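# I need the structure of the sequence given here:
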Amino acid sequence: MKTIKNIILLLLSVTAIYSCDDYLGDNLDPNKELLENLEPKDLLSTAIVNTSSAFYNVALGITQYSQQIASYFEPSADTHEETQLTQAWNLIYAETLPDLNALISLVDNDANNAYVGIAKVLQAINLGLATDQWGDIPASQATMGEEDFTPSFDSQESVYNQINTLLDEAIAIFDATGTSSVGEEDLIYNGDLSKWKKAAYFLKARYAIHLTEIDQNTAITQALANAASSFTNNADDFQLNYNTRNFNPWYAGVVLPNNTGNFSVLLSDQTVSLMDGSAIPFSSIDIDPRLPLITTIGENDTEYLGALNGTGGVHEFGATEDDPNISANTDFGADNFYSSQTAPIIMGSYAELKFIEAEALFLQNGGTPTSVGSTAEAYNAYLEGIQANMDKLGVSGVESVAI
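Below you'll find the model as predicted:
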């Protein structure tokens, strides 16, 4: 009897489904628009935001794994537990790359061709972010949709070649494009194609320097050649700025939860010790002037106490019952440079470019992990990278030179 009852319920459910379909038609999501009704500009902003969010999610996991930041929980990523970066994968493969593929398909005239160039740069940086985390990844078949739900994984070498092809194609488009219809929907450069071109060259330099262990001479040559056509100052940085309505993800995902007792992460002792002079003594200052700008300690605290990785937020263990554990205090604050509401997510910077140059020039001069010297040109590029980051964070020139 129970089996017959279940069958009747199943038949009623099926009938209800078909009746619903007859009555409501195709049951389309009212919050989604058909592709043929969209324009390229409708997809660009979303792709940029999702790209930035993917960078945040990778950074949140990897900086714990590399123990630059620490977790308030144990065990966690900062004790080298398995880290999957699932949200970043979903943002890249379920959101950003499909949107960029759709965007390119919508371009049907020369005035909109700039969208294709921008989309190719965004495709390149997303594939670069993915392959740098997972190695072999879906790339050439990653956005085939219903045509192939199980795309093959391309080798990392192939992915790097695809990235460079995308960037070369983007540069050619920017060179050939006259007037552009791209405007405020471009949340990074507001339609300035000259800056997108610099960003493309920056990415070519970044991925070239990654290959020094594959073919060092070629990697150095390409890194320096592309860097020469890239960013010239901090104003060129490839970043997404947030606002008081659309919060920076470090603020939304770390600061707000921490402030309501849902603790997540904070600066590690390893990072703090490199910035307060305890790991590497400074000659003329007490602490790196950027430390107070990137973390917030208690109102009555006078010392920056980073968390020991794997301790759940402890700075130092007490020796006796009368000497309790000392808690860390280096939280991400609402007014700090990287974690305020309006802080940018920086996906490529002039400072990074100068460090790429410094490394390439160092290696070109025969530098090795045990070298103690370099050329003046390499050292100057290194100092310019430091200066650029100091300027970015608003440190005065006197302090930045002193460090």
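
# run a quick neighbour tally on Leu393.
16 (other CB atoms under 10 Å). C-betas here are computed from N, CA, C, even on glycine.

# pretty sure it is touching Phe337, no?
Yes: counting by CB atoms under 8 Å, Leu393 touches Phe337, with 5.2 Å between them.

# chain center to the longest helix seen in the chain, what's the gap?
If you go by DSSP state H, the chain has its longest helix at helix 40-65. Relative to its chain's centre, helix 40-65 lies at 6 Å (CA atoms, centre = their mean, to the nearest Å).

# and Tyr379, how many neighbours?
As a measure of burial, Tyr379 has 14 neighbours, counting by other CB under 10 Å.

# quick one: Ser155 from Gln162, how far?
The gap separating Ser155 from Gln162 is 10 Å, by CB to CB, to the nearest Å.

# what about these two, which has more around it?
A count of neighbours by other CB under 10 Å puts Gln162 above the other of Ser155 and Gln162, at 18 against 13.

# element containing that one?
Assigned by DSSP states H and E, Gln162 falls within helix 156-176.

# just the CA atoms of that helix, as CSV, please.
This file holds the C-alpha atoms of helix 156-176, laid out as CSV (Å, rounded to 0.1, in the frame of the first residue of the first chain):
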residue,chain,number,x,y,z
GLN,A,156,50.7,25.0,-17.6
GLU,A,157,53.1,25.7,-20.5
SER,A,158,50.2,25.8,-22.9
VAL,A,159,48.3,28.1,-20.5
TYR,A,160,51.2,30.5,-20.4
ASN,A,161,51.3,30.5,-24.2
GLN,A,162,47.6,31.3,-24.3
ILE,A,163,48.0,34.1,-21.8
ASN,A,164,50.7,35.7,-24.0
THR,A,165,48.6,35.3,-27.1
LEU,A,166,45.6,37.0,-25.4
LEU,A,167,47.8,39.9,-24.3
ASP,A,168,49.4,40.3,-27.7
GLU,A,169,45.9,40.3,-29.3
ALA,A,170,44.7,42.9,-26.8
ILE,A,171,47.7,45.2,-27.5
ALA,A,172,47.1,45.0,-31.2
ILE,A,173,43.4,46.0,-30.7
PHE,A,174,44.4,48.9,-28.5
ASP,A,175,46.9,50.1,-31.1
ALA,A,176,44.3,49.8,-33.9
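
# next SSE downstream of it?
helix 193-209.

# in this structure, which spans are strands?
69-71, 238-241, 265-267, 314-316, 326-327, 344-348 (DSSP state E).

# which of those is buried the deepest?
strand 69-71 (a mean of 28; mean count of other CB atoms under 10 Å).

# got the contact list for it?
63-64, 77-79, 264-269, 271, 306-313, 328 (CB atoms under 8 Å, 6 or more residues apart in numbering).

# which strands border that strand, and is each parallel or antiparallel?
With DSSP bridges as the test, strand 69-71 is paired with strand 265-267 (antiparallel).

# for the strand it pairs with, the distance to its chain's centre please.
The answer for strand 265-267 is 18 Å, by CA atoms, centre = their mean.

# now do stretch 138-147
The mean C-alpha position of stretch 138-147 is separated from the chain mean by 23 Å, CA atoms, centre = their mean.

# can you get me the start-to-end distance on it?
Using CA to CA, to the nearest Å, the end-to-end distance of stretch 138-147 comes to 14 Å.

# output the below-cut-off pLDDT ranges for the stretch 251-400 of the chain.
319-320, 322, 397-400 (pLDDT under 70).

# what domains does the record give for the chain?
Domains of the chain are assigned by automatic domain parsing as 41-143+151-191, 197-239+347-403, 243-282+290-342.

# list the contacts of Ser278.
So Ser278 contacts nothing (CB under 8 Å, 6+ apart).

# phi first, then psi, for it.
Backbone geometry at Ser278, expressed as degrees, to the nearest 10, gives phi -80, psi -30.

# ok, so what distance separates the residue nearest to the spatial centre of the chain from Gln133?
Closest residue to the average C-alpha location of the chain: Phe55 at 2.2 Å, with CA atoms, centre = their mean. Distance of Phe55 to Gln133, given as CB to CB: 11 Å.

# try His80
According to CB to CB, His80 and Gln133 sit 15 Å apart.

# cool, Tyr72 as well?
Counting by CB to CB, the gap from Tyr72 to Gln133 is 24 Å.

# ok, now Gly306?
Gly306 sits 25 Å away from Gln133, going by CB to CB.

# those two: which is more packed in?
Gly306 (25 against 18).

# quick check: the more buried one touching Leu274?
No: Gly306 lies out of contact with Leu274 (CB under 8 Å); the separation is 9.5 Å.
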